[in-house]
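Asks: Coordinates for the following, if possible.
(2 chains)
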Number of protein chains: 2
Amino acid sequence: MTSQVETVTAAILVIGDEILSGRTKDKNIGYIADFLGNLGIDLREVRIVPDEEAEIVGAVNALRARYTYVFTTGGIGPTHDDITADSIAKAFGVGIEEDPRAIKLMLERYKLEDLNPARRRMARIPVGADLVENPVSKAPGFKLGNVIVMAGVPSVMHAMLDNAAKLLQTGTRMLFETIEAEGLPEGAYAAALGSIAEAHAAAVSIGSYPLFQDGLFRNRIVVRGRTQDAVAAAAGAVRGMLAELRARQNAL
Amino acid sequence: MTSQVETVTAAILVIGDEILSGRTKDKNIGYIADFLGNLGIDLREVRIVPDEEAEIVGAVNALRARYTYVFTTGGIGPTHDDITADSIAKAFGVGIEEDPRAIKLMLERYKLEDLNPARRRMARIPVGADLVENPVSKAPGFKLGNVIVMAGVPSVMHAMLDNAAKLLQTGTRMLFETIEAEGLPEGAYAAALGSIAEAHAAAVSIGSYPLFQDGLFRNRIVVRGRTQDAVAAAAGAVRGMLAELRARQNAL
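Replies: Numbering: from 1, shown residues only, chains lettered A, B, ... in the order given. You can find the predicted model right below:
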């Protein structure tokens, strides 16, 4: 990567016993990965941890020290297993209180008499956090320091992510070019691809992703970089290499 | 949980730039979670890291110290970005060599003259590892200490996981009971559910998983435990509580 290009990094922390048990299949990681990619934010790590305070605190502190942003999903509802907000406050060493701004937002949906203690729990926000509004079900997420705390329900998380995006510093969007290596097994082009990757390492990264379907190789080579020229140059080299390899195969 | 019940724990480490970029959506985590659940192995953590040696080494060493087993996926093919085997050897501080057992397996698929240096790279196995056979495409995974290294291609990973299972200590399978809380929002039952969870905390854990679809609440409460009696007792208490709540609603 060239040094003028700014890199903004991120991690995702999924909080959820139900994902670890296999009973719920995560759909949030891929969505957030795409979303951050479009903002030019590099997703560098993902962790999934259970609904346990020590696990959440440990992961939040490890990740927020390493990346520009940490996005958490899950554990901000009204039930006893929703311990994310308290865990985040603990990780930052700040207090947590019922937030009048959150109550105000929730009153757009609930009558005052329906705001029982469990629902009021959703208005508990660590001191110093900015709220992240949730037009779907009103109880907000929040951003404390570089940590953005969102719901686990996909439709609610999507809405929160849209609102959180306004609070984020963004980077230069990563550009991709995909080259189909159809009909060629990875082992046939691996050495030549490695040389190309090395020659272009300053400006792009190159990955080879094997797909093996119905006995056929449908491998894909992906060139990633932050300038169009660099990606085009490396992709051209890969295409030339594959063409040469196919010509040699056909000549046999 | 009762003390006679043995707990076997696990983590998954997904190695893959392509998952972090969002271009490939992971399908392995949910599959492995289900598979381990059926073996009575508790999945406790998942991490996704990029194809970078320092990241892989750091994550492997953190996870293998904490859990009975670590399952890795991805990065064991023939291309330059396939650095998992070398990273695992480095994490364990052991050497890595071309393994004659792996070459023998690969010769079931490749002619000797087609085993070019890139393909031979797939036979590089850390010293002291057991092979995990791969009937799909032959190049094996391996098990070193408590770390099981598998391919990222789902069909290949599934076959390796079947073979790896023979090498594993298994636990007492976790039992689940799911109670539909249809029509009741979480906020209505959260306090009562919290009391039930506390009363049964020695033998089961209880989670509440909100689903909000088409403006309707379709929440699910899941009771998890390792004995049928404990799960049935807690699930009965939850059902009773929900019935009482619905009766009270209807009486209004």
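Asks: for A:L167, helix, strand, or coil?
Replies: coil (DSSP: H, G, I helix; E, B strand; the rest coil).
Asks: could you pull out the helices for the stretch 1-150 of chain A?
Replies: If DSSP state H, counting those that start in this stretch is used as the criterion, the helices of the stretch 1-150 of chain A fall at A:17-20, A:28-39, A:53-66, A:84-92, A:100-106, A:117-121.
Asks: ranking the ones you listed by burial, who's on top?
Replies: When you average the neighbours per residue for each of the helices of the stretch 1-150 of chain A (mean count of other Cβ atoms under 10 Å in any protein chain shown), helix A:17-20 leads with a mean of 24. C-beta: built from backbone N, CA, C; applies to glycine.
Asks: related to what we said a few turns ago, right, and the helices of the stretch 1-150 of chain A - which one's nearest A:V132?
Replies: In terms of Cβ to Cβ, the element of the helices of the stretch 1-150 of chain A nearest to A:V132 is helix A:100-106, at 10.5 Å.
Asks: what residues go with each domain of chain A?
Replies: Structural domains of chain A, as assigned by automatic domain parsing, span the residue ranges A:8-165, A:175-251.
Asks: A:E244: how many residues sit nearby?
Replies: Burial of A:E244, expressed as a neighbour count using other Cβ atoms under 10 Å in any protein chain shown, amounts to 12.
Asks: secondary structure element for it?
Replies: helix A:228-251 (DSSP states H and E).
Asks: Three-state assignment for A:I179, please.
Replies: On the basis of three-state DSSP, A:I179 is classed as strand.
Asks: check contacts around it.
Replies: A:R220, A:I221, A:V222, A:V223, A:A235, A:V238, A:R239, A:L242 (Cβ atoms under 8 Å, 6 or more residues apart in numbering or on different chains).
Asks: Assumed the fourth one was part of a strand.
Replies: Yes. The secondary structure assignment for A:V223 places it in a strand, going by three-state DSSP.
Asks: Check it and give its pLDDT.
Replies: The predicted local distance difference test score for A:V223 is 96.
Asks: Just grab the bridge partners of it for me.
Replies: Partner residues in beta bridges with A:V223: A:E177, A:I206, with DSSP bridges as the criterion.
Asks: Can you report how many residues lie near it?
Replies: Residue neighbour count, defined by other Cβ under 10 Å, stands at 26 for A:V223.
Asks: quick one: it and A:F176 touch, right?
Replies: Yes. A:V223 is within contact range of A:F176, at 7.0 Å (criterion: Cβ atoms under 8 Å).
Asks: Can you pull the residues that touch both of those two?
Replies: Common contacts of A:V223 and A:F176, defined by Cβ under 8 Å, 6+ apart, comprise A:V231.
Asks: ok so, going back, among the domains of chain A, which comes closest to B:V156?
Replies: Shortest separation from B:V156 across those is recorded for domain A:175-251, at 7.0 Å, computed as Cβ to Cβ.
Asks: returning to what we had before: how about the helices of the stretch 1-150 of chain A in TSV, adding mean pLDDT and distance to chain B?
Replies: Below are these laid out as TSV (pLDDT from 0 to 100; distance: least, Cβ to the nearest Cβ, whole Å):
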stretch	mean pLDDT	distance to chain B
helix A:17-20	94	5
helix A:28-39	96	3
helix A:53-66	98	8
helix A:84-92	98	13
helix A:100-106	97	10
helix A:117-121	94	3
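Asks: who wins for proximity to A:M150 among those?
Replies: Nearest to A:M150, of all the helices of the stretch 1-150 of chain A, is helix A:28-39, at 8.4 Å by Cβ to Cβ.
Asks: got the contact list for the closest one?
Replies: With Cβ under 8 Å, 6+ apart as the criterion, helix A:28-39 contacts A:8, A:10, A:12, A:14, A:42-43, A:46, A:71, A:73, A:152, A:154, A:157-158, A:161, A:165, A:168, A:170-171, A:173-174, B:19-22, B:25-26, B:48.
Asks: Okay, and which of those residues map to strands?
Replies: If you go by DSSP state E, these have A:V8, A:A10, A:I12, A:V14, A:D42, A:L43, A:V46, A:F71, A:T73, B:I48 in strands.
Asks: Surely the first one touches A:L43?
Replies: No. Here A:V8 lies out of contact with A:L43, judged by Cβ under 8 Å, at a distance of 10.4 Å.
Asks: More neighbours: those two, which one.
Replies: A side-by-side neighbour count of A:V8 and A:L43, using other Cβ under 10 Å, places A:L43 first with 26 against 17.
Asks: Please name the nearest non-neighbouring residue to the more buried one.
Replies: For A:L43, the nearest residue in space outside its immediate sequence neighbours is B:L20; the separation is 4.7 Å by Cβ to Cβ, 6 or more residues apart in numbering or on different chains.
Asks: quick revisit: can you tell me which of the contacts of A:I179 comes closest to B:Y67?
Replies: Looking across the contacts of A:I179 and measuring by Cβ to Cβ, the closest to B:Y67 is A:V222, at 31.6 Å.
Asks: which one of the domains of chain A is the most hemmed in?
Replies: Burial among the domains of chain A, expressed as mean neighbours by mean count of other Cβ under 10 Å, is greatest for domain A:8-165, which shows a mean of 20.
Asks: from the chain's centre, how far out does that one sit?
Replies: Centroid separation between domain A:8-165 and its chain, computed with Cα atoms, centre = their mean, to the nearest Å, is 13 Å.
Asks: Can you pull out the low-pLDDT segments for the stretch 151-252 of chain A?
Replies: Low-confidence regions of the stretch 151-252 of chain A, defined here as pLDDT under 70, cover residues A:215, A:252.
Asks: Write out the residues of it neighbouring chain B.
Replies: Near chain B, the residues belonging to the stretch 151-252 of chain A are A:152-153, A:155-156, A:174, A:176, A:178, A:186-191, A:193-194, A:197-198, A:205-212, A:222, A:224 when assessed by Cβ under 8 Å from any Cβ of the partner chain.
Asks: Report the separation between A:A230 and chain B.
Replies: With distances taken as Cβ to the nearest Cβ, to the nearest Å, A:A230 is found 17 Å from chain B.
Asks: just checking, that residue touches A:S205?
Replies: No. Counting by Cβ under 8 Å, A:A230 stays clear of A:S205, with 10.5 Å between them.
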